[in-house]
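**Q** Build me a structure from this.
(one chain, ligands or ions: 1)
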Amino acid sequence: MITKATAPAKAILLGEHFVVYGTGAILCAVQKYTSVSVEARSTGVRVSSRYGCDEFASGDDPKNASRHHRPILQIANDLGRGADVTIDSEIPPGVGLGSSSACCVAGAGAMLNQNGQDVEDLALRAEKSVFDGVSGADTAACLRGGLIEFGARGARSFEHAGVSLVVALTGREHSTAETVAAVRQNKERDEDAFGAVCEQVGGLIGDARSALDASDLVSLGAHMSQNQKFLTDIGVSDPTIDRIVAAAQRTSYGAKLTGAGAGGCVIALVDDSNAAKTLGSVEDAGATAFRVETDCDGLRIS
Ligand code: PMV
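**A** Prediction:
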């Protein structure tokens, strides 16, 4: 029997990097998907994806697998299972849209053939096999779908119909591990200054939560643009991102980088009144862009 699970991509509306240090973040699952199909077998793990096909013996050290297939081997080892695994993804990799988290969530969901806390724990362990320093925010968003707030006390879903975003790709993949390490160095150079920025971001998250509750796109967008200033201050923006953000901010409710930064992509908050203009302005600034809506379902097992 083949079990298939599908998980959405995510965008961080506010709070990336600071969330690693316990400041909250607001995330949104978006309608781009990764599916993982699993067929049980008595021993060994075979993984095929856009990165090729790998065969492992059961219990092989995940460190010897490529970073793309390592989380699946980690999941199979954690469960002591053999499996034939096929990954199909339409999420652009390495740009901050959670392609790795969606794969871990769909992989864990398909292997367990269920949804819920056990899936989240298994998926997060799988993600940490690639980079131990993740906050868990991405995993929570891809699992739950919709809009969530993630903080020191875990994830909370918003009662909200969702937001519409223009995603603008800079054309350069980024490394989450490298940018998180660079931010840590920045923090260690001046703990007081970094703490002060964390406090301001915390205030911003609280205000953005109220804006979302009131479905006030003007206010939410302004908070996202303000968040971009703090991300620039900690050194995770770059000239390409700055150019695309400036173009997007002229036509949308607000724009910022999303995810780790230093490459990756920019998101702009839009609705029907300004989406087409914003797509045009970020493309004029050199980005490849598309519009996405919120995914309200999260992990689906079929
Ligand atoms: O770029 P991504 O999708 O890997 O997002 C990383 C978000 C960070 O806040 C930088 C790290 C984390 O685990 O929260």
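**Q** Show me which residues of this structure sit near the ligand.
**A** 16-17, 19-20, 96, 98, 134-135, 137-138, 176, 180, 259-260, 264 (Cβ under 6 Å from any ligand atom). Every residue, glycine included, has its C-beta placed from N, CA and C.
**Q** and which of these is nearest to Cys28?
**A** Ranked by distance to Cys28 (Cβ to Cβ), the residues of the chain next to the ligand are led by Gly98 at 10.5 Å.
**Q** wait, doesn't that closest one sit right on Cys28?
**A** No. Between Gly98 and Cys28 there is no contact under Cβ atoms under 8 Å: 10.5 Å.
**Q** residues shared between the contacts of the two?
**A** Common contact partners of Gly98 and Cys28 (Cβ atoms under 8 Å, 6 or more residues apart in numbering): Lys10, Ala11, Ala141.
**Q** Mind giving me the ChimeraX command for buried ones among these?
**A** Taking 16 or more other Cβ atoms under 10 Å as the burial criterion, the selection of buried members of these in ChimeraX is written as:
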select :10,11,141
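**Q** residue closest to the middle of this structure?
**A** Closest to where the C-alpha atoms of the chain average out (Cα atoms, centre = their mean) is Gly98, at 3.2 Å.
**Q** The strand or helix carrying Cys198: what's the following helix or strand?
**A** Assessed by DSSP states H and E, Cys198 sits inside helix 191-213. Remark: after helix 191-213, the chain's next helix or strand is helix 217-233, criterion DSSP H and E.
**Q** so how far is stretch 111-120 off the chain centroid?
**A** Distance, stretch centre to chain centre, for stretch 111-120: 19 Å (Cα atoms, centre = their mean, to the nearest Å).
**Q** One more: stretch 196-206?
**A** Mean C-alpha position of stretch 196-206 versus that of the full chain (Cα atoms, centre = their mean) differs by 20 Å.
**Q** What lies in contact with that stretch?
**A** Stretch 196-206 has contacts (Cβ under 8 Å, 6+ apart) with 14-15, 18, 21, 23-26, 149, 223, 226-227, 230, 233-234.
**Q** Check those residues and tell me the two furthest apart.
**A** Greatest spatial distance in the contacts of stretch 196-206: Glu149 and Asp233, 22.6 Å, computed using Cβ to Cβ.
**Q** out of those two, which sits in the more crowded spot?
**A** Neighbour comparison, Glu149 and Asp233: the larger count goes to Glu149, with 24 against 14 (by other Cβ atoms under 10 Å).
**Q** For the closest residue to the more buried one other than its chain neighbours, which three-state class applies?
**A** Nearest residue to Glu149, sequence neighbours excluded (Cβ to Cβ, 6 or more residues apart in numbering): Arg156, at 5.0 Å. Three-state call for Arg156 (DSSP: H, G, I helix; E, B strand; the rest coil): strand.
**Q** contacting residues for Arg156?
**A** Ile148, Glu149, Phe150.
**Q** could I get those residues as JSON lines with distance to Gly44, pLDDT and secondary structure?
**A** Shown next, in JSON lines, are the contacts of Arg156 (distance: Cβ to Cβ, whole Å; pLDDT from 0 to 100; DSSP: H, G, I helix; E, B strand; the rest coil):
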{"residue": "Ile148", "distance to Gly44": "36", "pLDDT": "98", "secondary structure": "strand"}
{"residue": "Glu149", "distance to Gly44": "41", "pLDDT": "97", "secondary structure": "strand"}
{"residue": "Phe150", "distance to Gly44": "36", "pLDDT": "97", "secondary structure": "strand"}
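**Q** need the residues you listed in TSV with distance to Arg70, can you?
**A** Output for these, formatted as TSV (distance: Cβ to Cβ, whole Å):
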residue	distance to Arg70
Ile148	26
Glu149	29
Phe150	24
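**Q** quick one, strands of this protein?
**A** Using DSSP state E, the strands of the chain run over residues 2-14, 25-41, 45-49, 52-56, 82-89, 147-151, 154-157, 164-169, 254-258, 265-270, 288-293, 300-301.
**Q** Need the contact partners of the third one.
**A** Spelled out, it's strand 45-49. For strand 45-49, contacts defined as Cβ under 8 Å, 6+ apart pick out 53-58, 60, 65, 68-69, 72-73, 76, 82-89.
**Q** let's see 7 Å
**A** 53-56, 58, 68-69, 72-73, 76, 82-87 (Cβ atoms under 7 Å, 6 or more residues apart in numbering).
**Q** Each with direction, which strands does it pair with?
**A** strand 52-56 (antiparallel), strand 82-89 (parallel) (DSSP bridges).
**Q** How far does that strand sit from its chain's centre?
**A** 23 Å.
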